[in-house]
Structures are given as structure tokens and as C-alpha cells.
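1. Can you look at this prediction? I've put the sequence above it.
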Amino acid sequence: MEEVIKHKAIISNNEAYAIIRAILCLYSVNKTEEFKNSANEKTMGPVLKKAFGLSDEQYNEISEKILEYTTEEITISELQLRYAWKDNHPIYKSKAFKDPDGHTKWQKKEFQDIKKLLKDPSLLDLNTKLQLNNNNNNNNINININNKNKNENLKPSIQDVFNITLKKHTIEKSNGGKDNIHIGYKILVNAFLQYSSQEVYREDRQHPIKSSLLKSNDLFNLGLLPEFTWILNEYSILYGIRDFYRYLVIFDVLTTRFDDSLNQLNLLSNCFDKLQSIRKSQDNFNETITTTSINGNAISGGINFNNNDNSSGGIIIIITEDEDELFNKISSNLFNNLLIRIGNYRICFTPNQVEKLPQRQSQPYQRLIKTVPLTFALNLMKHIVNELFSDLIDFQSVIKKAIIEANEKEYIRSMEHFEALYNGQINSNYQQIFLLSKVINDIIDKWFDWEIYYFDLSFSELLKSNQNQNQNQNINQNQKQIHLEIVFQTFSNFINKSVNNIYRHYSNEEHTVRNNKSGKLEAAPWITCLFSDLIPSLVRYNEIVFGLFKKKPIALEGEISFLTGQFILNRISILNTNIKYLIKHQEWKPNGKGVFHTSCPIDFFEFLTQCYSGIQTLEIKLSIPSNPMTRSFGTNLGDTFLFFVKGIRSMILNDLPLEQQKSISNVIDNAISNQATPKQLFQSLVENVRLPKLHCYNITEKMCLQINDIEQSRGLLQDFDDKYNNIFRNSLNELFTTLKDHWNYLLTYYVYKMNCYIKPIIQSISLSYNDNSTTNYTKELANFIEVNLSFCNKKLQANLFPILLKRLFQSIVNNMLDIILPNKKIYNKLVVEKSLSNFKGLMDELTKVFHGEGDKTSTYFELTLDDYTRIKKVIELYTFDSQQLIEFHKILLRSHSKSVITANEVSNSNNLLDESFTIMNFKRNDSKEIENYLKNLNK
């Protein structure tokens, strides 16, 4: 055999003897009709030659080695030599047997086999056998014609060698037994697989096996050519290759040339089960033998040392320590191969085609997921751990770690991909933000659907089963989604870390920059990228996770919202700064025909629109529900509008001394804060404010236009909100209320200011004893009121003037009532009677001014009717005699007891009831009837 090795270095001793034994198998008589014409050297010789990549010279040299055997008899010593060789072989050494008695059993079998061979003399005389063959078939042996009678020179054919001396080929005489039958079998399996895969021998052995060879119906031979299958089967029979070793060889090949295809995973699983079943059978048998030996029972006659591993037929299965160790090693390698694939499961197990999966939780979906390679791989890993390594490996922890590593690698790989893709193409000012947004979109668009609808069930079923064991079947909804939680938590950790880095990097950056062309302030590029690219991605990510676990892993209200809030507050600060400028430089003219307000609100909302547009441009590309940024802007505008109206208010009050400005502002602010009524505010102004003597108490155009600005702002605010899809929503009502409160209370101030002029005139009228002076005062008052009403009717917004008119009339009536219905302590009959007399002319003038010469169809007649009726009724009550007053009071009391009047009527009735009672008190000293009535009333 050394010559073979020297001739061609690629052929080793083991390979040469594997080929020799394969050729010898082709001469076996154990052939069915199917293989008689194909399983011969003439047909299969060229195939073997090609399978091992041999030249003709190499093949012939190997084949001729078979014919080097002489016609020596198979003597006892030769047979003993076979035993001695095998007894020194690693597989057959005593220490190699798992069964302590295994070597003894094997030794007994060998001696029985030798004894059987010696019993048949015909087996010992090769020359006789050769002579018989020569007579029957002269072509079967090459005999020199000149020496036909010299039997000692006869040379056997391969067929003769096979029939008589086959077992000699288990011994490599020249190399002292270095040849190995089992290694030879493994060499043949690998060579036949490579040939069937159209591979070059010894090359490409790490490549996956062709799918056409992965047939599960024959684990020994896979999908090899029938002739290859026959050779391997015959080899196993002739040379004693047991089933366990044959499975082990296939298991090793499938693991070495590992692939995660469904067919190969299925074969690996079946192979592992077969091997483990044989191992358990031997363990059970050994346990039985040990128990029997302990009980003192001898074993005889019932032991069959047949080489076929068939535990059901009373056959002993021999597994050596080396084989057992090799099985554990291959299983460990397979587990590691599978673990590597699980650590890259999205690359390895994502289907090539995006298929429409059945409805989740449906039976077709369950069946589909149970047949996918990922499920097979996970179940096989779990099976290996449970069978071999349960005390060494925490399977659930290993899988969780693999899932985390897989997704970490995916995240890093995605980030590196986009860094390379956009290298030098994007502004370094926002590169960090842009790349993160791309990675998140990649996660969402490429991974989430498959993660949820394809991978989750495979992982979750496995993890859940372990969880059930650990927690006695007590699992909650989140534990049913262990896999998804791990995936999303892994991604969320990376994303949150990146968001924190962005926050630290950009928290001190400028949020706004000035456009070199337009000169306007606009958002910085990085913040535009933040809200146009990153925020939408983060929101989408949160929505997906929230839909699964009811929690949002990316705290947008944290660092990102800080940046958002800073930007919005920055824009509001710019807006507030410009309000000062707008108010200071507003034009004091009506802004357009028929529009009675200044340029201030128009300018204010124009700039407000600019600020809003600056934010809205960041949201145009967003798919964020409800536009939180613009709504946040609207929410934060509350103080801005307050700043705006207070600025307008300061312009209204700036003709007063600073101290009075502060006093009036404080009173109004307190009234708004306490939600005081206009009447309460008026009284508070009377009590807390002392206006200096002014040269004019009239309502000015500026006062009208400025208060119109506030009301106009309400309309512009409504238009602005409608235009931009109701961004203010709930906060809009608060802004409306803020604006309305201020013009509402400012109107009360206007009435208070006019009242500072009106009240002294009314007092003068009440105390006047000269008809001319009374008439003059009355006309002066009427003229003041008429001038102001006429001016306000033209200048004030249409909805503001009626309110001013009504409150002004109420203040006039209250001034008159204060005089004719004073506190009892200061009641003076003469003063009251004089006032009543003088007020007749005033009432006539008021009727002309407010009611258009008494025309009840006047536009504002209804506004003043209640107060007008009240003052007239009080004046009339003074004309009642005692009995009339008493009857009138009784009628009012009965009206109240029946409760059949409206709320407004109740209010008016209460006033009259109180006022009639007050007048009776004034008159009780002059009338016994009233005195008695009031006494009885108190009872």
C-alpha cells in the first residue's frame, strides 16, 4: 500500500483500503436481480474512480492489490492473527466498551466464529477451490497456458479472493494494522455524497448537501445512487459495521455540512432520535445484565452478537466509549450550529418570499408555523439539551440570549449599512438624527411584520413551555409574548441610548437660525430633521409596542420632548418679543373700511402664523396622530394671548397715572381670577380705585379700537384654528374665555370711567332747588351720554356696543336708586322727595337717549327695559298711599309663594319686593296701617 501513497499523495491508506473493500463488495453473491447487472466492477469501477478523483493508473494499482493474495490456506494461526489484530484495535479494546463485560462478550463471539470456520475443511483448501473454479470457468482466473498443470502457480481471481479470503482485507499487513474499517466506511459515505452532489472529492465539504440527497426514507444512505446504497449495505454486512455507527456517520456528515433547510433539520432530528434510542437500549440492557449478575443468575444461550442493531430481537448492542464520546461531540457541534443560526434567525429563517400568512391563532396558521425550519431548529435544540445536557445548559436562558444577540447584531448591521450608504451625502449637523430615523424605519418596515406574524409563535411556544414548567402553568398575557418582549426591549434599549446621545449632543444647540435671504427666523436644520424624520419613526415604533404591551418604550415626553418644548418655547418667546413691537408701533386708524380695530391683531396673527408655519413645516411629513407639536404650540399660547391683551390694556390705560394703571389692572386681574361678575367688578373699582380729575371722561377712539382688537382677535383665532384643522381644540375655549374676559371687564372699566363723570351730575340734579339748574344738569348729562353712545355705536364692534349701553344704563339707574332708596340711617324725606321731583325730567331725557323718544321698537329697547321699568316702578311706589303699598306688597308675596313666574321675573319681583318693603319702612312713622302691617309681617 505504500506504493499507492507514494504514487499519488492524495490517496491515504484508509482511502485505498476503503476502495479495495468497496470493489470486493461488488463481487459478493448477495445480490438481488435488481443489482446483478449494475453492481459489478465493470459498471461501478469507473464510478468509484471518478468519485475519488483517481487516475486509471491509480485505480488499477489499487485494484491489483486485491490479487496479491496467494493460495495459502486459512490456518488457525491466520485466524488467530485476525483476532489478535482486532483485539489491539481501539474499537475492540477492553477499556473502549461501555459495557464492562462487553469485551468478554465480543471475545467469546470471535472465538465461536473462528471455531465455525475451522469446522468446514473446504474453507481451508484454497487450491482445491481454485481448481474447481478453473474447471467450471477458465475465464475466471488468469492461468499461464504453459503451466496449466502446475497448481502451485495458480493465481486467484478477485471473486475467489472474495469467496475465500475476504476477511484478510480487514488486516493491513504492511502497516501493522493502521487501517481502519470504520474510517473506511465513513470515507465511502463522504465520497459517494460528493459524487452525487457533483462535487470534487475532498473539496467543498463544508457546503450544504444537495436537497435531492436529503431523503428521510433511508437514513443510512440518504438519496445516493442505488449502487452506492448497495455497496454501503454490503460493506456493513461483510465488515461488521453496526447500525449505530452508520447512523453516527450520517449524523456527523449532516452536522459537518450543516444547513437549516427543513429537510436537513428533519433528518438530523430523526438521526439523533435513532442514535439516542440505541444508546438507551444498551443502557437498559446493561442495567438488566448488572441486575441479573447481582442476583447470581448466569446468562447462557440467550445472547445474540449479530452486528445488526435490533434491540427487539434479543440482540446485544455494542457501543464503545469512543462512539459514545463521538456522539456527544457531534451533538454538541450540532447544538452550536443551531445556536449560531438562532443568533442570526432573521437572516437564516426569514422566508424568501413574502407570503400571505393565515389568520393568527387559526389552525392553518398553527400548522404552518409548526412546520417552518425555525420551529424544527428550536425543538431539536431543546431535544438535544433535554437528552444530553440538561444539567449543563439552561435552555431558556441560552435562547433568550441568542434572541438578544440576533437583534443587537441586526441593529448594528443596519446602522453600519446606512452609515456607509449615506456617507458624505447628508449634513453633519443632523447626521446622527437622520441615521437613527433610518434604522428605526428599517426595523418597522422590514422586521416587525415577520417578527409578530412569523417568528413569534415559534419562539413563544418554546419559551412559554419552559415558563410553564417554572411557574406551574401560571402565566400572564405578557409571558405569552416573551419573545416579542425580548425583541422590543433589545431594540428599545438601543434606541433610547441613541436618543440620549442625541439629547446630550443637541440640548445646547441653537434651535433657530436666521435665513440669509429672507432675514426671517426659521428652524435649524437639525431640529427640522428631528421632527420630520426621527419623531415620526419613534411615534410609529411606540404605537406598535403600545398595541402589544400597552406601554410606550421610547419616552417622547422626556429628552425628545425637551428639545421639542425648547423649540416651541423659543418660537413663543420670539412671538412675545414681537408683541411688544407690534403694540408699540400699531397704527391708530381703523384697519380697512368698516373694520374698526387697529393693525395690531392683524400683525399679531400674521406673525403668529409665521411661527406656527415654522412648526407646521416640521410636521408636514409626520404621521403623528393629532399633531401634538402644533397643539402643544397652541396650548402654550395661553400666556402669549394674555401678554397680548395686557399689552393692549396698558395702551388703554396709559393716559392715567402709573399708580392708577396698576390699581385698575390689579382689580381686573383679581376679578378674572375670581370669576367675578361685571357688577362685582364695578363695585370693586368704585371701592379700590380713585381716578384723578380728568380733562375728559369720554370714550376715545383709541379705547374703542383697542378693545375691538381683543374681540377681533377672537375672530382671527377662530379663523386660524379652522384653517389649521382645530389645532387648539380644548385650549381654544380657554383662549376665547381669556379674550372675552378682558374685553368684558374693560367695558366695565369704560362704564366706571364715564360714571366718574355721570354720578356727580346725578347727585347735583337730585339736590337742585332751581328748575333752571336742574334742567341744565339734566341736559348736560343727557348730552354726555348721547355723545358717548353715538360715538361708541360707530366705533365699537357690533357685539360690544349693546353690552356697554346696558351697563351704562344700569350704572345710571343704580346712581338714582342710591339717592331715592338710601340706607335708612341716612334717609332724608325731604331730599328723597326733592330727588323724585327732579328725576322726572331726567327720566324723560333718558327715555329719549336710550329709547329713541320712547319708541319701543328701538334696537336696544329690550336691553334697558328691566332697569328702566325698575326705576320707574320705584318712583311710582313713592306715589302710592299706605293701603296701595300694602296691597302691592301682598301681591308680590303671593306671586312668590305660587312659584309660577320665570327666573327673570323672580329677580325683578325680588327687587320690587325689597324696594316696596324699604319704602314702607321709610313711611311707617307716618302711617299706622303700614306700621301694623310690618309688625304682623315680622311675626
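-> Yep, it's here.
2. Is residue 442 in contact with residue 413, as I believe?
-> No - Residue 442 is beyond contact range of residue 413, at 9.9 Å (criterion: Cβ atoms under 8 Å). C-beta coordinates here come from the backbone N, C-alpha and C atoms, glycine included.
3. Of those two, which one has the most company?
-> Neighbours per residue, other Cβ atoms under 10 Å: of residue 442 and residue 413, the larger number sits with residue 442, 18 against 13.
4. now the more buried one, nearest residue through space, not along the chain?
-> Among residues not flanking residue 442 along the chain, residue 414 sits closest, at 5.0 Å (Cβ to Cβ, 6 or more residues apart in numbering).
5. Relative to residue 790, how far out is that neighbour?
-> Remark: distance between residue 414 and residue 790 (Cβ to Cβ, to the nearest Å) = 76 Å.
6. Go ahead and flag the most central residue of this protein.
-> residue 545 (3.0 Å; Cα atoms, centre = their mean).
7. quick one: which of residue 414 and residue 790 has more around it?
-> Between residue 414 and residue 790, counted using other Cβ under 10 Å, the more crowded position is residue 414 (19 against 11).
8. The more buried one: helix or strand, and which one exactly?
-> helix 395-421 (DSSP states H and E).
9. helices or strands up against that helix?
-> Where contact means 3 or more Cβ pairs under 8 Å, 6 or more residues apart in numbering; DSSP states H and E, helix 395-421 is packed against helix 321-342, helix 345-349, helix 373-384, helix 431-442, helix 456-471, helix 482-506.
10. just checking, residue 218 touches residue 228?
-> No - contact between residue 218 and residue 228 fails when scored by Cβ under 8 Å: they sit 11.2 Å apart.
11. between the two, who's got more neighbours?
-> Neighbours per residue, other Cβ under 10 Å: of residue 218 and residue 228, the larger number sits with residue 228, 25 against 12.
12. Now do the helices in the stretch 701-850 of the chain.
-> 701-723, 730-767, 771-795, 801-820, 829-851 (DSSP state H, counting those that start in this stretch).
13. Nearest to residue 516, out of these?
-> Counting by Cβ to Cβ, residue 516 lies closest to helix 701-723 out of the helices of the stretch 701-850 of the chain; the figure is 28.9 Å.
14. Okay, angle between the closest one and helix 730-767 too, please.
-> Angle between the axes of helix 701-723 and helix 730-767 is 160 degrees (criterion: axes from the mean of the first three to the mean of the last three Cα atoms, to 10 degrees).
15. Tell me what angle helix 701-723 forms with helix 801-820.
-> Going by the same axes, to 10 degrees, helix 701-723 makes 130 degrees with helix 801-820.
16. For the chain, which segments count as strands?
-> Ranges of strands within the chain are 512-514, 521-523, based on DSSP state E.
17. rank these by mean pLDDT and give me the bottom one.
-> Set side by side, the strands of the chain differ in mean pLDDT, and strand 521-523 is lowest with a mean of 61.
18. Tell me where the model's unsure across the stretch 301-450 of the chain.
-> Along the stretch 301-450 of the chain, segments meeting pLDDT under 70 span 301-317, 352-367, 370-371.
19. got it, and the stretch 51-200 of the chain?
-> Along the stretch 51-200 of the chain, the model assigns pLDDT under 70 to residues 67-96, 98, 113-179.
20. re the thing from before, in JSON lines, list the helices and strands packed on helix 395-421 along with distance to residue 182.
-> As requested, the helices and strands packed on helix 395-421 are exported to JSON lines (distance: least, Cβ to Cβ, whole Å):
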{"stretch": "helix 321-342", "distance to residue 182": "9"}
{"stretch": "helix 345-349", "distance to residue 182": "33"}
{"stretch": "helix 373-384", "distance to residue 182": "24"}
{"stretch": "helix 431-442", "distance to residue 182": "51"}
{"stretch": "helix 456-471", "distance to residue 182": "36"}
{"stretch": "helix 482-506", "distance to residue 182": "43"}
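21. between these, which one is nearest to residue 603?
-> Nearest to residue 603, of all the helices and strands packed on helix 395-421, is helix 482-506, at 32.6 Å by Cβ to Cβ.
22. angle of that closest one against helix 431-442?
-> Calculated by the same axes, to 10 degrees, helix 482-506 forms an angle of 160 degrees with helix 431-442.
23. Could you list the buried residues of helix 482-506?
-> Within helix 482-506, the residues that count as buried by 16 or more other Cβ atoms under 10 Å are 482-492, 494-495, 498-499, 502, 506.
24. Give the other helices and strands that that helix contacts.
-> Using 3+ Cβ pairs under 8 Å, 6+ apart: helix 482-506 touches helix 395-421, helix 431-442, helix 456-471, helix 535-549, helix 559-584.
25. Name the residues that touch that helix?
-> Defining contact as Cβ atoms under 8 Å, 6 or more residues apart in numbering, one finds that helix 482-506 is touched by 400, 403-404, 407-408, 411, 432-433, 436, 440, 443, 451-452, 455-456, 459-460, 463-464, 467, 478, 526-527, 530, 534, 538, 541, 545, 548-549, 553-555, 559-560, 562-563.
26. Among the residues you listed, name the buried ones.
-> Of those, these count as buried by 16+ other Cβ under 10 Å: 400, 403-404, 407, 411, 432-433, 436, 440, 443, 451-452, 455-456, 459-460, 463-464, 467, 526-527, 530, 534, 538, 541, 545, 548-549, 553-554, 559-560, 563.
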